[in-house]
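>>> Sequence unavailable; structure follows:
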């Protein structure tokens, strides 16, 4: 163990060798000195405690804000009046009808590639702007559409495959789906009909029925907690750190998933921390306390800070009681935190003297 003292929290060690009736030799010898019970208690009442083995740790508790992430609008390109709309906080899933505009549904489909083009079957003799013959559309966006059609049961009599190529089989499946939902069976799909999303979403806002369609904004289904921490608190909140989330709904496990450096209002360095719930998140909670604990010394021998004695020649010692005598035993001091000090030089279970 390093001989230097690591004071982790702001602790003031009030250490005086004479406070417990101990006489130090001028040459710094720390051999046993008889004092007697009367001498020991004349100035400061004392008691004995055991040297214990434990982990030394400290914790930080911060209040965070529950958030569903930054809201964003879905890429819907439709014009008209809203005839059916979701309510705020509704959870919508891939495969669900999200909204109706002019009584035509806009449906969600699972996929990570945005619908950046109209999906359709290219005709045999179609040419591009340069006059070259166009090939069939293919790509991940086509495969996403095919998987959506298969999930809905539109498989062109089991001939459809999610091969990422928009051919006649895919066109027939699209037309069957369009006919089923009551829109013109064009065989073409664009952003007025379908929106690809990664997973379930929580509706933040949507226009009311009867209003002209503008946009639908959504956020994450599972809430997370946003914290602002100082540079000193930053080591408690590294990515991957497990924390405890405490609120009126109870205690839950959390995980630090994101840390970004920011600047506070006073120009000092700050860090924006995102904490996610490990299990199901509570509902209707706006603020929580987040507690992070950091182990500073693991499985070390410790004594209360008040057991330490500063030696005249430098260094530290503790008083060990034996046969009605106090014996100063030098120890090496390590981490000090929350009133406990890591020491090296005494066995676990040894009785040391402390002020009562």
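Looks like it came in fine. No experiment lies behind these values; they were computed from the predicted model shown. Residues are numbered from 1 along each chain as shown.

>>> which helices and strands does the lengthiest strand in the chain pack with?
If you go by DSSP state E, the chain has its longest strand at strand 287-304. Contacts defined by 3 or more C-beta pairs under 8 Å, 6 or more residues apart in numbering; DSSP states H and E place strand 287-304 against strand 52-67, strand 224-230, strand 242-247, strand 325-337, strand 340-344, strand 351-355. Yep, even glycine has a C-beta here, placed from its N, CA and C like the rest.

>>> by how many degrees do it and strand 340-344 diverge?
Strand 287-304 and strand 340-344 are oriented at 40 degrees to each other (axes from the mean of the first three to the mean of the last three C-alpha atoms, to 10 degrees).

>>> Direction included, what does strand 287-304 pair up with?
According to DSSP bridges, strand 287-304 has the following sheet partners: strand 52-67 (antiparallel), strand 242-247 (antiparallel), strand 340-344 (antiparallel).

>>> Packing partners of the helix or strand residue 271 falls within?
For residue 271, the host element (DSSP states H and E) is strand 269-277. On a contact count with 3+ C-beta pairs under 8 Å, 6+ apart, strand 269-277 meets strand 224-230, strand 242-247, strand 250-263.

>>> how about a cut-off of 10 Å?
strand 52-67, strand 224-230, strand 242-247, strand 250-263, strand 287-304 (3 or more C-beta pairs under 10 Å, 6 or more residues apart in numbering; DSSP states H and E).

>>> Let me have those strands in CSV, extended by mean pLDDT.
Output for those, formatted as CSV (pLDDT from 0 to 100):
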stretch, mean pLDDT
strand 52-67, 92
strand 224-230, 92
strand 242-247, 91
strand 250-263, 91
strand 287-304, 92
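
>>> how about those in CSV, adding mean neighbour count and distance to residue 326?
As requested, the helices and strands packed on strand 269-277 are exported to CSV (neighbours: other C-beta atoms under 10 Å; distance: least, C-beta to C-beta, whole Å):
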stretch, mean neighbour count, distance to residue 326
strand 52-67, 16, 20
strand 224-230, 19, 44
strand 242-247, 19, 42
strand 250-263, 14, 45
strand 287-304, 17, 15
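
>>> want to throw those strands into CSV with distance to residue 125?
Below are these laid out as CSV (distance: least, C-beta to C-beta, whole Å):
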stretch, distance to residue 125
strand 52-67, 53
strand 224-230, 53
strand 242-247, 62
strand 250-263, 52
strand 287-304, 63
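
>>> Any idea which of those gets closest to residue 90?
For those, proximity to residue 90 was assessed by C-beta to C-beta; strand 52-67 is nearest, at 18.0 Å.

>>> Can you check the distance spanned by stretch 145-162, start to finish?
Start and end residues of stretch 145-162 are separated by 8 Å (C-alpha to C-alpha, to the nearest Å).

>>> what does it rub up against?
With contacts defined as C-beta atoms under 10 Å, 6 or more residues apart in numbering, stretch 145-162 is touched by 94-95, 107-111, 113, 115, 119, 137, 142-144, 163-181, 189, 194, 196.

>>> Of these, keep whichever come out buried.
Burial by neighbour count, 16 or more other C-beta atoms under 10 Å: within the contacts of stretch 145-162 this picks out 94, 107-111, 115, 119, 137, 142-144, 164-167, 169-178, 189, 194, 196.

>>> In helices only, show me those.
Of the positions in the buried ones among the contacts of stretch 145-162, 142-144, 169-178 sit in helices, assigned by DSSP state H.

>>> Closest to residue 325 out of those residues?
Distances from residue 325 to those, taken by C-beta to C-beta, are shortest for residue 144, at 83.2 Å.

>>> so who does residue 50 touch?
Residue 50 touches 303, 348-352, counting by C-beta under 10 Å, 6+ apart.

>>> Kindly recompute the last result at 6 Å.
For residue 50, the contact set (C-beta atoms under 6 Å, 6 or more residues apart in numbering) comprises residue 349.

>>> Model confidence score at it, please.
Residue 50 is assigned a predicted lDDT (pLDDT) of 94.

>>> just to revisit the earlier point, what distance separates the longest strand of the chain from the centre of its chain?
19 Å (C-alpha atoms, centre = their mean, to the nearest Å).

>>> Equivalent analysis for stretch 168-175, please.
On C-alpha atoms, centre = their mean, the centre of stretch 168-175 falls 44 Å from the chain's centre.

>>> And stretch 76-94, by the same measure?
Distance of stretch 76-94 from its chain centroid, counting by C-alpha atoms, centre = their mean, is 30 Å.

>>> so for stretch 338-351, what's the average pLDDT?
93.

>>> Contacts made by that stretch with the rest, please.
Residues external to stretch 338-351 that are found in contact with it (C-beta under 6 Å, 6+ apart): 1, 48, 50-51, 53, 56, 297, 300-303, 305, 331-332, 334-335.
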